[in-house]
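Take a look and give me a structure for this.
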Amino acid sequence: MKKTLRCLIVDDEPVARKGIAAYVEDTDFLICQATAKNALEADTLLKEETIDLMFLDIQMPKLTGLDFLRGLRQLPMVILTTAYREYALEGYELDVVDYLVKPIAYPRFLKACQKAYETYLLHTSAAKEPNMEEAPKHFFIKSEGKYLKISFDDILYLESLKDYVFIHTEQQRHMVLISLSNATKALPADRFIRVHRSFIVALSKITSLEGNVLKIDEKEIPISKHLREEVFKKLIEGRLWKR
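Prediction:
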């Protein structure tokens, strides 16, 4: 049975709440669990209800959506909604799933929600994994209309391009609608490391490292200067260079 994401809509404008609620109703994997007209109401609802995805307006009286996010310890997935594009960068720094600019067209709304759904699948499949001694870990992705199981052992590296992440495995490449930050959360931290804003690599697949470039087979991947020390530390701890 397909999982339905329980949604909370937070917006001080009744028309905006009604519009998003209608979009939610038209989307088969979403259900409107609750609505709130300000951040204080939303805070109470998050404590009382199980929410998977929150649509959060930024410009609200008393407490803005961004200030509300900064004060929360445990967050559901968040899609920001606003009439002001200038807040986009700040929103992404708070690790939101997506950012929708009003007036919101349904195709753009659906794209953001599909990204949230892919994020949910990655997180839940990783959480249900057995111990490493029992079986190789894996997660599921949606590709070309079907769900595929991807083993962590097969992954070489992940590469982001705008709203998509390309998962490069030993056999082929898969395209997934998700952010690289959210993909990172589904991967074992002891086996994968982010080396650049656009790349995550499997530590065991690294074949060489020179300067700010590492190689996985013949693929050259850049290393951000501020991440190079962490990459070296991981390699040394894993003894990947020990003869």
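
And residue 197, how close does it get to residue 151?
Residue 197 sits at a distance of 26 Å from residue 151 (criterion: Cβ to Cβ, to the nearest Å). Bear in mind the C-beta positions are built from the backbone N, C-alpha and C, glycine included.

Quickly list the domain ranges of this protein.
The domain map for the chain lists 5-124, 131-237, with the assignment taken from automatic domain parsing.

Enumerate every residue touching residue 79.
Residue 79 makes contacts with 53-56, 96-100, 112-113, 116, as judged by Cβ atoms under 8 Å, 6 or more residues apart in numbering.

returning to what we had before: could you dump the domains of the chain into JSON lines and include mean pLDDT?
Shown next, in JSON lines, are those (pLDDT from 0 to 100):
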{"stretch": "domain 5-124", "mean pLDDT": "89"}
{"stretch": "domain 131-237", "mean pLDDT": "83"}
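
highest average neighbour count across those?
Greatest average neighbour count among the domains of the chain goes to domain 5-124 (a mean of 18), per mean count of other Cβ atoms under 10 Å.

Can you measure across that domain, start residue to end residue?
With Cα to Cα, to the nearest Å applied, domain 5-124 spans 12 Å between its terminal residues.

Correct me if wrong: residue 163 contacts residue 175.
No - distance between residue 163 and residue 175: 10.4 Å, which falls outside the contact criterion (Cβ atoms under 8 Å).

Can you tell me the element the residue most central in space within the chain falls in?
The geometric centre of the chain, computed from its C-alpha atoms, lies nearest to residue 182 (Cα atoms, centre = their mean), at 2.4 Å. Counting by DSSP states H and E, the element that carries residue 182 is helix 180-185.

How far does that helix sit from its chain's centre?
If you compare the mean C-alpha spot of helix 180-185 with that of the full chain, they lie 5 Å apart, counting by Cα atoms, centre = their mean, to the nearest Å.

now what about that helix, what contacts it?
Taking Cβ under 8 Å, 6+ apart as the rule, helix 180-185 contacts 95, 97, 119, 122-123, 126, 158, 160, 165, 167, 176, 192, 194, 197-198, 200.

same check, this time on stretch 42-56
Residues beyond stretch 42-56 that count as contacts (Cβ under 8 Å, 6+ apart) turn out to be 5-11, 20, 30, 33-34, 36, 65, 68-69, 72, 75-81, 97, 113, 116, 120.

mind listing which of those residues are in strands?
Counting by DSSP state E, the contacts of stretch 42-56 place 5-10, 30, 33-34, 36, 77-81 in strands.

If you count contacts, what does the helix ranked longest in the chain end up packed against?
If you go by DSSP state H, the chain has its longest helix at helix 106-127. Based on contacts counted as 3 or more Cβ pairs under 8 Å, 6 or more residues apart in numbering; DSSP states H and E, the elements that helix 106-127 packs against are strand 5-10, helix 14-25, strand 77-82, strand 98-101, strand 138-143, strand 173-177, helix 180-185.

Including distance to residue 217, could the ones you listed go into a markdown table?
Converted to a markdown table, the helices and strands packed on helix 106-127 look like this (distance: least, Cβ to Cβ, whole Å):
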| stretch | distance to residue 217 |
| --- | --- |
| strand 5-10 | 38 |
| helix 14-25 | 44 |
| strand 77-82 | 34 |
| strand 98-101 | 33 |
| strand 138-143 | 22 |
| strand 173-177 | 13 |
| helix 180-185 | 21 |
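
closest one to residue 222 among these?
Smallest distance to residue 222 across these (Cβ to Cβ): 14.2 Å, for helix 180-185.

Can you show me the CA trace of that closest one as CSV?
Coordinates of each C-alpha in helix 180-185 appear next as CSV, following Å, rounded to 0.1, in the frame of the first residue of the first chain:
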residue,chain,number,x,y,z
LEU,A,180,22.0,16.2,-2.2
SER,A,181,21.5,17.2,1.5
ASN,A,182,18.5,14.9,1.9
ALA,A,183,20.3,12.1,0.0
THR,A,184,23.1,12.3,2.5
LYS,A,185,20.8,11.5,5.4
